[in-house]
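[1] return a 3D structure for these sequence lines:
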Amino acid sequence: MSIKKVRYYLFLKDIVVLSLTAFGGPQAFLAMLLERMVTRRNYINEDELWELNALCNMLPGPSSTQLICAIGYRVGGPNLAYLSLFVWILPATLIMITAAMLINFLQENTPGALNFAKFIQPMAIGFIIFAAQKTIGKMVQTTEAMVLVLISAFVSFFYSSPFVFPILLIFGGLSTSIKYKNQPKMERDQPLRIDWANFYLWGGVLLFAASIGAVTQNSSVLLFENFYRNGSLIFGGGQVLVPYLYAEFVDFKHFLSSEEFLTGYAISQGVPGPTFSISSYVGALSMREFGTIGFIMGGLIAAAGIFLPGIFLIFFVIRFWDQLKTYRPVRAALEGINATSCGMLIAAAYLLFEPMEANAINILMILGTYAILQFTKISSPAIIAGGIVLGIIVNYVSTIL
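    Presented below is the predicted three-dimensional model:
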């Protein structure tokens with residue numbers, strides 16, 4: 001076996017390890033990448049890692065998955081990058097499909113089955129509030145950005161249609177791009193040259209899926225288009241995906257109940273790998289009417305739809321990123337896009353709480369989860385496991401009494 005093939009094999013093996021052990025959110029994930037990809041294996045250097053991370057955060061889609069694929073692209077080109085994508089998302093996808101099947105089975109066969117999740121549903125809102133606080137602290141640095149956060153939160157709350165979100169993102173980006181003169185100038189070695197192939201691929205798949213879905217009304221095609229569209233519009237990571245999915249699949253299409261959605265979101269917080277894996281859970285339940293095959297197909301279709309656009313876009317941009325980042329309006333627009341995403345996250349927390357009973361227990365679980373995340377180092381999986389165990393105990397005691 002050649003040295004190159006051995007290096008590729010080791011790289012994929014490292015991705016498998018990460019897919020099974022990457023708990024703790026983006027900060028923990030980046031620390032693991034730094035230790036394994038840079039320090040131990042030297043696939044790339046530290047400066048390259050931070051630059052690729054910044055690039056992925058600038059693009060729509062799952063930033064952690066894009067970062068894995070970008071490193072794979074640097075190490076072995078497109079083929080290794082696509083293999084990395086498959087290896088990275090497969091464990092979490094299968095876990096969330098299984099979770100969807102289990103939740104549906106319990107609901108159909110055991111009255112009140114979701115009582116075991118009675119605590120992790122409000123806990124999920126605690127996770128979102130914590131994520132919103134961290135995201136705002138990182139991304140919102142100016143008065144203009146905070147105004148955009150408030151506008152976005154207000155509009156997202158009162159008009160929670162999935163078609164409103166892209167308009168908000170465009171508005172946010174344009175409103176701050178006009179301040180490009182505040183950005184430092186960067187030297188340009190040569191004119192910008194763009195290879196449009198992957199951009200055409202991204203746009204072509206979107207138009208093709210939308211056209212075929214509109215003509216045939218096939219549920220599988222429509223599901224793929226829904227997730228592909230969402231994957232093309234999400235800035236800010238998995239937490240920002242929540243309002244999109246909730247608005248489209250709970251409020252708009254009623255494929256899931258609020259309780260099912262919150263249970264799935266809470267479970268996804270205890271699963272290693274990409275946070276976008278919540279999509280497989282939503283996709284599986286969206287096709288439950290077709291039985292076991294529907295669960296599996298729905299979960300896999302959702303995973304393909306949510307992850308592919310971000311990968312097409314990172315492959316498109318990475319080829320000319322060194323030139324593109326010299327343009328100040330591009331960097332300035334990110335402030336507005338990120339601020340708008342934060343506003344959507346605030347609205348999501350309230351929209352998810354609205355259907356729940358506003359009792360002392362739910363409020364206590366929300367605040368308690370936030371406090372644990374904020375002031376302790378207890379991991380997300382341990383918090384979720386504790387909530388499930390507590391729910392089982394309370395449910396068991398209540399049946400005895």
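
[2] residue ranges with poor pLDDT in the stretch 101-250 of the chain?
    Low-confidence segments of the stretch 101-250 of the chain, defined by pLDDT under 70: 110-117, 121, 135, 160-163, 165, 186-190, 235-240.

[3] and the helix or strand hosting I278, how far out from the chain's middle?
    Here I278 sits within helix 278-286, counting by DSSP states H and E. Counting by Cα atoms, centre = their mean, to the nearest Å, helix 278-286 is centred 13 Å from the centre of its parent chain.

[4] and Q133, how far is that from G368?
    Between Q133 and G368 the computed distance is 15 Å (Cβ to Cβ, to the nearest Å). (C-beta placed from N, C-alpha, C; glycine too.)

[5] domains in this structure, by residue range?
    Domain assignment for the chain by automatic domain parsing gives 3-82, 90-111+126-355.

[6] now do the contacts for the residue lying closest to F29 once chain neighbours are set aside.
    The shortest distance from F29 to any non-neighbouring residue, by Cβ to Cβ, 6 or more residues apart in numbering, is to A22 (5.1 Å). Residues in contact with A22, defined by Cβ atoms under 8 Å, 6 or more residues apart in numbering, are A28, F29, M32, S64, P272, G273.

[7] please apply the same query to Q183.
    Listed by Cβ under 8 Å, 6+ apart, the contact partners of Q183 are R328, R331, A332.

[8] swap in G299?
    T93, L94, M96, I97, A100, S280, Y281, G283, A284.

[9] switch to 7 Å and redo it
    T93, M96, I97, A100, S280, G283, A284 (Cβ atoms under 7 Å, 6 or more residues apart in numbering).

[10] can you tell me which of the residues you listed has the most neighbours?
    The most crowded member of the contacts of G299, judged by other Cβ atoms under 10 Å, is S280 (35 neighbours).

[11] was I right about that residue contacting T93?
    Yes. Here S280 reaches T93: they are 4.6 Å apart, a contact under Cβ atoms under 7 Å.

[12] give the residues shared as contacts by the two.
    Common neighbours of S280 and T93 (Cβ under 7 Å, 6+ apart) are G299, A303.

[13] adding distance to A360 and pLDDT, write the contacts of G299 out as JSON lines.
    Shown next, in JSON lines, are the contacts of G299 (distance: Cβ to Cβ, whole Å; pLDDT from 0 to 100):
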{"residue": "T93", "distance to A360": "37", "pLDDT": "94"}
{"residue": "M96", "distance to A360": "31", "pLDDT": "94"}
{"residue": "I97", "distance to A360": "35", "pLDDT": "96"}
{"residue": "A100", "distance to A360": "31", "pLDDT": "93"}
{"residue": "S280", "distance to A360": "34", "pLDDT": "95"}
{"residue": "G283", "distance to A360": "35", "pLDDT": "95"}
{"residue": "A284", "distance to A360": "34", "pLDDT": "95"}
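
[14] from those, pick the one nearest N198.
    Closest approach to N198 among the contacts of G299 (Cβ to Cβ): T93, at 23.0 Å.

[15] what's the helix or strand for the closest one?
    Judged by DSSP H and E, T93 forms part of helix 63-109.

[16] now do that helix: which elements does it pack against?
    Helix 63-109 sits against helix 3-21, helix 46-58, helix 258-268, helix 278-286, helix 291-318, with contacts defined as 3 or more Cβ pairs under 7 Å, 6 or more residues apart in numbering; DSSP states H and E.

[17] hang on, the earlier thing: how about the contacts of A22 in TSV, adding pLDDT, secondary structure and distance to Y244?
    Shown next, in TSV, are the contacts of A22 (pLDDT from 0 to 100; DSSP: H, G, I helix; E, B strand; the rest coil; distance: Cβ to Cβ, whole Å):
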residue	pLDDT	secondary structure	distance to Y244
A28	58	helix	24
F29	71	helix	22
M32	73	helix	27
S64	83	helix	17
P272	81	coil	23
G273	82	coil	20
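
[18] go through the residues you listed and name the one nearest L192.
    Distances from L192 to the contacts of A22, taken by Cβ to Cβ, are shortest for S64, at 27.8 Å.

[19] what's the neighbour count on the closest one?
    Using other Cβ under 10 Å, S64 is surrounded by 24 other residues.

[20] surely it and P274 touch.
    Yes. When contacts are counted by Cβ under 7 Å, S64 is listed as touching P274 (5.5 Å).

[21] thought L345 was touching A132?
    Yes. Assessed by Cβ under 7 Å, L345 is found in contact with A132 at 4.4 Å.

[22] the more surrounded of the two?
    Counted by other Cβ under 10 Å, L345 and A132 do not tie: L345 has more neighbours, with 27 against 22.

[23] what strand or helix carries the more buried one?
    Using DSSP H and E, L345 falls in helix 328-353.

[24] what about N45, neighbour count?
    Residues within reach of N45, counting by other Cβ under 10 Å, total 11.

[25] repeat for L334
    19.

[26] quick one: V155 from P122, how far?
    The gap separating V155 from P122 is 25 Å, by Cβ to Cβ.

[27] so those two - more neighbours on which side?
    Neighbour count, other Cβ under 10 Å: between V155 and P122, P122 has more, with 25 against 19.

[28] host element of that one?
    helix 120-139.

[29] now that helix and helix 328-353, what's the angle there?
    Counting by axes from the mean of the first three to the mean of the last three Cα atoms, to 10 degrees, helix 120-139 lies at 160 degrees to helix 328-353.
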